[in-house]
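1. Following is a predicted model, sequence given first.
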Amino acid sequence: MSDTTTPYYQRHIFFCLNERSNGENCCAQHGAQQAFERCKMLVKQQGLMGPGKVRVNKAGCMDRCAGGPIAVVYPEGVWYTYVDEADIDEIVESHLKNGVVVERLRTPPELGR
Ligand code: FES
């Protein structure tokens with residue numbers, strides 16, 4: 001019998017890749033695709049990808065566009081607003097690999113849509 005309390009992935013990161021054609025603010029305007037690709041590449045390169053480890057996923061709008069570009073990590077439910085490649089590198093190294101939240105990149109709690 002399988003253990004239902006053990007999560008399939010230890011950590012799961014979702015990147016909003018939403019793109020709006022009407023000119024409204026969206027994560028795709030702020031380098032979300034590149035950030036997603038970089039995160040995936042790093043996780044793979046470091047052997048962190050797979051069951052019991054980490055999964056990097058695309059997501060649509062998570063309704064926190066004002067804090068974009070947005071990524072969220074579960075099971076901790078930590079929301080990040082990243083700016084550049086160095087931020088992605090830090091999220092991978094610190095949070096996804098070592099379980100330490102990158103406090104300076106946390107999305108301010110009041111930022112929604
Ligand atoms: S467009 Fe990314 S959270 Fe809404």
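-> Everything's here; your move. Numbering: from 1, shown residues only.
2. mind checking the end-to-end distance for stretch 45-55?
-> This stretch, stretch 45-55, spans 13 Å end to end (Cα to Cα, to the nearest Å).
3. ok, and what's touching the one helix or strand residue 37 maps to?
-> Using DSSP states H and E, residue 37 sits in helix 32-45. When contacts are defined by Cβ atoms under 8 Å, 6 or more residues apart in numbering, helix 32-45 is touched by residues 13, 15-18, 49, 54, 56, 58, 68-71, 82, 85, 87-89, 91-92, 96. For every residue, glycine as well, the C-beta is placed using N, CA and C.
4. The same query, at a cut-off of 6 Å, please.
-> Outside helix 32-45, the residues within contact range by Cβ atoms under 6 Å, 6 or more residues apart in numbering are 15, 17, 49, 54, 56, 69, 82, 85, 88, 92.
5. From the residues you listed, list the buried ones, please.
-> Among the contacts of helix 32-45, those classed as buried by 16 or more other Cβ atoms under 10 Å are 15, 17, 49, 54, 56, 69, 82, 88, 92.
6. which among those gets closest to the ligand?
-> Nearest to the ligand, judged by Cβ to the nearest ligand atom, of these is residue 69 at 6.8 Å.
7. how close does the closest one sit to residue 19?
-> 12 Å (Cβ to Cβ, to the nearest Å).
8. re the thing from before, mind listing which of the buried ones among the contacts of helix 32-45 are in helices?
-> If you go by DSSP state H, the buried ones among the contacts of helix 32-45 have residue 88 in helices.
9. Now tabulate the buried ones among the contacts of helix 32-45 in TSV and tack on distance to residue 5.
-> As requested, those are arranged in TSV below (distance: Cβ to Cβ, whole Å):
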residue	distance to residue 5
15	27
17	31
49	22
54	19
56	24
69	33
82	31
88	31
92	26
